[in-house]
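Trainee: Pasting a predicted model and its sequence here:
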Amino acid sequence: MKVNEILFMTLKKVNTIAQKNKYNRYIKKHSLEKMFLLLLHHQFTGLDYGRSMVLQLQGLMAQRGIIPSQSELSKKLSYRLPVEAWEAMFRNILQEVKQIQNKKVRKAVEKILIIDSSHLTATPTMSWAKHRKGKNGLKLHMVSDSDTIPQAFLLKNGNSSDKKSLQWAIQGGYTYIFDRGYNDYSMFCWIEEQGASFVTRAWSNIQYRIVKRRKVGHHQKNKGIVLDAEIEVIRSRKTGERAQFRMIVFEFIDANGEQQTFTVLTNRRDLRADDIATLYRNRWNIEVFFYWIKTYLKVEHWMSRSPNGVLIQVYTALISYLLVLLAQFNNALPITIKRDYVYIYSGLIIEIIQRCIKPIHFNEILQLSG
């Protein structure tokens, strides 16, 4: 499937969602499909701000009124565009990516999900996004698989606790990997009660009692395993309630050539210690995802200061990322570097907009695909 075919397929799905839910019923100008295309262009273009994008596209058009003004764009994002439409599109494209991923793998794989958070900037006028005194901020809590495919996200205030933002993501049957910022022994017990598993790094000052040592053989030692044991920790200092977990200590050489020692906790007792260590090392994959969207997409400068507008922009960024994965998985072009697809999509969207001389109607866009 070529890149332009992927884009037109996506636009047709947007059209289907808009018609099914009658999102354009009260819109006289700049339909939802058109706004989706423009916001997609904003993610793929090199321009950070909405005003820059508007001026660029207005300069390409021969007639006025084809591209919404900055104020129209802000109003659309603030309260005239439904977040539900973007959420539906995200779920739809995610399903496409998963289907291709399953065809490529062709075998049962461990159900692994990675959870992490990353801070996003917020302007002083975004009073709803509290971070600390005198500064606003946002925190993006993300669930991703080990192939850096985003599964779900939660956008909260910058001062939100990671521990309290873990429960929403848990589903039975999965193993969740997260860093020590999410450490909460009571939450670990709750995860186990839900039929899920976890692998996380322990605090360096963890207080525990070894209940039983597991044998660490020669093969395990060669893979860096130092300790494998069942431990007991105090779950609640108020009640004195205790909990038992499996602790694994392993050593490895990092990218800088320095030796590191990590201590991880888990409730997975069916896997070898070196497999647990490998699972935790997968956690760094999500850091690559955060770096990618912050470097090549637009989640640092907001076109709207409202919660509705920010959510739509985050969803558009994730949709843009999934479109890049979709093109890469489909071998749309002989390109292995994902960022190159960003520029290809950007040029294609501009071409579509330029070929629509009068105000864009979605039926005309669909005719272009033929």
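Mentor: Thanks, I have the structure now.
Trainee: Show me what counts as buried in stretch 214-225.
Mentor: Of all the residues in stretch 214-225, those buried under the rule 16 or more other CB atoms under 10 Å are 214, 216, 220, 223, 224, 225. Placement of C-beta: from N, CA and C, glycine included.
Trainee: What is the burial count for residue 103?
Mentor: Around residue 103 there are 9 other residues, counting by other CB atoms under 10 Å.
Trainee: Against residue 328, how distant is it?
Mentor: Note on residue 103: its distance to residue 328, by CB to CB, to the nearest Å, is 14 Å.
Trainee: before we move on, back to that, take the buried residues of stretch 214-225 and keep only those in strands.
Mentor: When DSSP state E defines the strands, the subset of the buried residues of stretch 214-225 inside them is residue 225.
Trainee: Dump the buried residues of stretch 214-225 to a markdown table, plus distance to residue 237 and pLDDT.
Mentor: Converted to a markdown table, these look like this (distance: CB to CB, whole Å; pLDDT from 0 to 100):
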| residue | distance to residue 237 | pLDDT |
| --- | --- | --- |
| 214 | 28 | 94 |
| 216 | 31 | 94 |
| 220 | 34 | 94 |
| 223 | 36 | 92 |
| 224 | 33 | 94 |
| 225 | 31 | 96 |
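Trainee: so which two of the buried residues of stretch 214-225 are the farthest from each other?
Mentor: Distance extremes for the buried residues of stretch 214-225: the farthest pair is 214 and 224 at 15.4 Å, using CB to CB.
Trainee: Now the spatially most central residue of the chain. Its backbone dihedrals?
Mentor: To find the centre residue of the chain, average its C-alpha atoms and take the closest one (CA atoms, centre = their mean): that gives residue 150, at 4.1 Å. Per-residue torsions, residue 150: phi -70, psi 140 (degrees, to the nearest 10).
Trainee: what's across from it in the sheet?
Mentor: Taking DSSP bridges as the rule, residue 150 bridges to residue 144.
Trainee: got a list of what it touches?
Mentor: Neighbour list for residue 150: 94, 142, 143, 144, 289, 318, 321, 322 [criterion: CB atoms under 8 Å, 6 or more residues apart in numbering].
Trainee: wait, which of these is closest to residue 27?
Mentor: For residue 27, the closest of those turns out to be residue 318, at 24.1 Å, with distances computed as CB to CB.
Trainee: can I assume the closest one is in contact with residue 87?
Mentor: No: the pair residue 318 and residue 87 fails to qualify as a contact (CB atoms under 8 Å) at a distance of 10.0 Å.
Trainee: more neighbours, the two?
Mentor: Here residue 318 and residue 87 are compared on neighbour count by other CB under 10 Å; more neighbours surround residue 318, at 25 against 14.
Trainee: what sits against the more buried one?
Mentor: Listed by CB under 8 Å, 6+ apart, the contact set of residue 318 reads 90, 150, 153, 293.
Trainee: With pLDDT and distance to residue 180 added, can I get the residues you listed in TSV?
Mentor: Formatted as TSV, the entries for the contacts of residue 318 read as follows, by pLDDT from 0 to 100; distance: CB to CB, whole Å:
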residue	pLDDT	distance to residue 180
90	97	29
150	95	22
153	95	21
293	92	24
